[in-house]
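Undergrad: Turn this into a structure:
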Amino acid sequence: MGMLEKKPAQKTGKSLLRHTPGGVEVENQVDRESIIQSVKETAAPKKKPAEKTTSIRISVTTRNALNSLVTLGEADTVNTLLDQLITQKLESLRPDQQRTYDIINGIATKRDKA
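TA: Prediction:
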């Protein structure tokens, strides 16, 4: 029952509260209107419009690798990381491969819009 025993509060001898006849005095009073105004003035970061999402089948190893790279700070999201990797790959294509890619990607894009 040692835990249930209450110890008397230690008094420092000096009151931590100071009462004045007029009430509580605040030295650095903050005006609520100035806070509201500053919040309105700070513009929220503009988000690009959300694209339609889809799922792709990848191995657990690939998923873990992508998430690990995002955690390391290589990109903000897996989608951003994949965009970067795809861009790097496209830049390495030969011109004839680039034309073929553009045709195939254009057909897939038209199909998705229909």
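
Undergrad: what packs against the host helix or strand of residue 33?
TA: Residue 33 is part of helix 32-41 when elements are defined by DSSP states H and E. The helices and strands touching helix 32-41, judged by 3 or more CB pairs under 8 Å, 6 or more residues apart in numbering; DSSP states H and E, number zero. Backbone N, C-alpha and C define where each C-beta goes, glycine included.

Undergrad: Please compute how far that helix lies from its chain's middle.
TA: Averaging C-alpha positions (CA atoms, centre = their mean, to the nearest Å) puts helix 32-41 23 Å from its chain's average.

Undergrad: What are the contacting residues of whatever helix or strand comes next after it?
TA: As assigned by DSSP H and E, the chain's next helix or strand after helix 32-41 is helix 60-71. For helix 60-71, the surrounding residues in contact (CB atoms under 8 Å, 6 or more residues apart in numbering) are 75, 76, 77, 78, 81, 82.

Undergrad: List just the nearest of those to residue 29.
TA: Ranked by distance to residue 29 (CB to CB), those are led by residue 76 at 39.8 Å.

Undergrad: ok so, going back, can you give me the mean pLDDT across the helix holding residue 33?
TA: What helix 32-41 shows for mean pLDDT is 78.

Undergrad: and if you look at stretch 107-114?
TA: Stretch 107-114 comes out at a mean pLDDT of 88.

Undergrad: Repeat that for stretch 69-89.
TA: 95.

Undergrad: First-to-last residue distance for it?
TA: For stretch 69-89, the separation between the terminal residues is 17 Å (CA to CA, to the nearest Å).

Undergrad: in that stretch, what counts as buried?
TA: Going by neighbour count (16 or more other CB atoms under 10 Å), the buried part of stretch 69-89 is 70, 75, 81.
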